[in-house]
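Q: Predicted model and sequence follow; I will ask about them next.
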Amino acid sequence: QVQLVESGGGLVQAGGSLRLSCAASGRTVIRHDMGWFRQAPGKEREFVSVINWLGGRIYADSVKGRFTISRDSRKNTVYLEMSSLKPEDTAVYYCAAGSITADVARPFKYDYWGQGTQVTVSS
């Protein structure tokens, strides 16, 4: 089993920055794909970004150029650096882990999920 705990959310003004962290415990996730999703009220869970164990990265078009995903395998932690934040980025952000060969943007592909951290961007 893998437990994921997100942190770093909060309230920020438009144009500001935040860094989210996701710490994994239990089994190592060194060979897992680690993803970030978000869910705004009344909307479906939305793919944000994923990083594989080799460091390959994929971003949703809506965050490309503004968000950066990274991982520290020694710390079993994945990060999401968010800059130039917009009000439409407001959501609960979830960390997820899985061993995925295709469709990395599909939530059902991931085996483990964190509890989420709230990000609110004010205009």
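A: Everything's here; your move. Residues are numbered from 1 along each chain as shown.

Q: and the closest residue to T117 other than its chain neighbours, what does it touch?
A: Take T117 and drop its neighbours on the chain: the residue closest to it by CB to CB, 6 or more residues apart in numbering is G9, 3.4 Å away. All C-beta atoms are positioned from the backbone trio N, CA, C, and that covers glycine. When contacts are counted by CB atoms under 8 Å, 6 or more residues apart in numbering, G9 is found next to L18, L20, V92, Y93, T117, Q118, V119.

Q: The fourth one reaches F47, doesn't it?
A: Looking back up the chat, that one is Y93. No - using CB atoms under 8 Å, Y93 is not in contact with F47, being 11.6 Å away.

Q: Just give me the residues shared between the contact sets of those two.
A: Joint contacts of Y93 and F47 (CB under 8 Å, 6+ apart) are F37.

Q: Next, find the distance separating D33 from G98.
A: From D33 across to G98, the span is 6 Å (CB to CB, to the nearest Å).
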